[in-house]
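Asks: Provided below for reference: sequence and predicted model.
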Amino acid sequence: MLTPPLNGALVCNSFDYNSVCAVFCETGTDFVSTPAWFYFCFSAEWSPWPFGSLLIDSCSGKNLETPNVRSALLAI
């Protein structure tokens, strides 16, 4: 099972015995390192998409020089 990041949230949806999850940071924080866009669970095996690790870093103070492109794209 995936664990939500510190100062963040894990949002999941299930369908036909499978799950898809995304992770988010609280307002004013950002990931220490960029996570996968989504995490899929098929046949009890978790996989990051399109790249990444199953280890999800915590959220910490936001780097104001770098826009949070991931949050902006997911809001579309």
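Replies: Everything's here; your move.
Asks: what strands line up against the helix or strand hosting Phe40, and which way round?
Replies: Per DSSP states H and E, Phe40 falls inside strand 38-42. When sheet partners are counted by DSSP bridges, strand 38-42 sits next to strand 18-25 (antiparallel), strand 45-49 (antiparallel).
Asks: most distant residue from the middle of the protein?
Replies: Asp16 (21.7 Å; C-alpha atoms, centre = their mean).
Asks: measure it to Cys41 for me?
Replies: Applying C-beta to C-beta, to the nearest Å, the value for Asp16 to Cys41 is 11 Å. In this view, the C-beta of every residue, glycine as well, is placed from N, C-alpha and C.
Asks: and if you look at Gly28?
Replies: 30 Å.
Asks: same drill for those two, tell me which one is more crowded.
Replies: Using other C-beta atoms under 10 Å, the more surrounded residue of Gly28 and Cys41 is Cys41, with 17 against 9.
Asks: Serialize the strands paired with strand 38-42 to a markdown table and add fields for mean neighbour count, distance to Ser58 and mean pLDDT.
Replies: Formatted as a markdown table, the strands paired with strand 38-42 follow (neighbours: other C-beta atoms under 10 Å; distance: least, C-beta to C-beta, whole Å; pLDDT from 0 to 100):
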| stretch | mean neighbour count | distance to Ser58 | mean pLDDT |
| --- | --- | --- | --- |
| strand 18-25 | 18 | 9 | 94 |
| strand 45-49 | 12 | 17 | 93 |
